[in-house]
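Undergrad: Provided below for reference: sequence and predicted model.
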Amino acid sequence: MNEYRPTRRSILKSVAEYDGRAVTGFSMGGFGALKYAAKYWGHFASVSSHSGPAGIRRDGGAVVHWANLSSAALDLGGATVYGTPWDQARVTADDPMERIESYRNKRVFLVAGTSPDRTNAFDTFNETQVLAGQREFRGALDRAGIPHEWDEEPGGHFVRDYMMNRDLDGIIERLRKACPRPPRSAPPERGRTGARRRSAGQPVRAPARAPARTGGASRPVRWSP
């Protein structure tokens with residue numbers, strides 16, 4: 001996070017405060033969104049998980065085992081995220097079910113599929129875990145009195161563009177609005193001779209000539225905050 005924030009600020013113009021940030025993701029990215037929103041609870045006002053697991057200890061820790069296996073095979077050269085045996089403190093820190101209070105006063109948005117492809121073991125395993133875990137997580141949020149949005153949609157483990165669009169609308173509604181477009185400054189006054197007035201000590205410059213048009217339609221200039 002300490003590496004990411006300066007990089008993001010150097011690329012994107014954003015409101016660098018709690019009410020100016022949101023985090024969202026799909027699948028294990030959705031789990032990551034829930035994890036980081038809790039771990040860095042003062043950084044994000046909105047968190048969204050699209051088909052992401054919301055509890056990592058359930059079913060014998062299936063999600064933890066998956067994270068260990070995939071990280072050892074693909075990312076960490078044989079090492080694992082949670083260790084063998086598990087680093088229990090790290091599991092607790094990353095488990096949304098054990099960090100329920102961290103979601104208070106945030107916008108929480110959850111999506112899960114209800115009918116994975118039963119001929120596809122990967123699809124079935126993933127979305128079955130997701131659906132059960134999100135239902136458990138939603139129950140914990142309800143018991144704690146923490147508002148949240150959720151949808152269960154037909155299908156399995158894939159990104160639903162219409163739900164992503166709904167999520168983005170909700171994110172924009174939740175976050176603090178960026179500054180309005182600054183007013184256009186008035187041009188300097190002209191003297192009787194038509195020359196632009198200048199402050200004391202400002203050198204006189206010849207007006208720049210506009211480049212000649214080479215044809216083609218002109219394009220409007222768009223302002224970005």
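TA: All right, it came through fine.
Undergrad: helices and strands around the biggest helix by length in the chain, which ones?
TA: Ranked by residue count, the top helix of the chain under DSSP state H comes out as helix 121-144. Contacts defined by 3 or more C-beta pairs under 8 Å, 6 or more residues apart in numbering; DSSP states H and E place helix 121-144 against helix 58-70, strand 107-113, strand 149-153. Quick note: C-beta positions are derived from backbone N, CA and C, even for glycine.
Undergrad: Tell me how far the first one lies from the chain's centre.
TA: When you say that, I think you mean helix 58-70. Using C-alpha atoms, centre = their mean, to the nearest Å, the distance from the centre of helix 58-70 to the centre of the chain it belongs to is 24 Å.
Undergrad: Give me the helix or strand of this protein that scores worst on average pLDDT.
TA: Lowest by mean pLDDT, DSSP states H and E among the helices and strands of the chain is helix 4-11, with a mean of 55.
Undergrad: what angle sits between whichever helix or strand comes after it and strand 107-113?
TA: The helix or strand immediately downstream of helix 4-11 is strand 22-26, counting by DSSP states H and E. Our comparison of strand 22-26 with strand 107-113, counting by axes from the mean of the first three to the mean of the last three C-alpha atoms, to 10 degrees, yields an angle of 10 degrees.
Undergrad: Confirm that Gly42 sits in a strand.
TA: No - counting by DSSP: H, G, I helix; E, B strand; the rest coil, Gly42 is not part of a strand but coil.
Undergrad: In space, what's closest to it - neighbours in sequence excluded?
TA: Excluding the flanking residues, the one nearest Gly42 by C-beta to C-beta, 6 or more residues apart in numbering is Tyr18, at 6.0 Å.
Undergrad: Give me the neighbour count for the one you found.
TA: The number of residues packed near Tyr18 is 15, by other C-beta atoms under 10 Å.
Undergrad: If I look at it, what pLDDT would I see?
TA: If you check Tyr18, the pLDDT there is 88.
Undergrad: Enumerate every residue touching Phe31.
TA: Gly25, Ser49, Gly52, Pro53, Ala54, Ile56, Val63, Pro96 (C-beta atoms under 8 Å, 6 or more residues apart in numbering).
Undergrad: need those in CSV with neighbour count and distance to Asp123, can you?
TA: Below are the contacts of Phe31 laid out as CSV (neighbours: other C-beta atoms under 10 Å; distance: C-beta to C-beta, whole Å):
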residue, neighbour count, distance to Asp123
Gly25, 19, 18
Ser49, 32, 18
Gly52, 27, 15
Pro53, 27, 14
Ala54, 29, 18
Ile56, 26, 20
Val63, 26, 16
Pro96, 28, 22
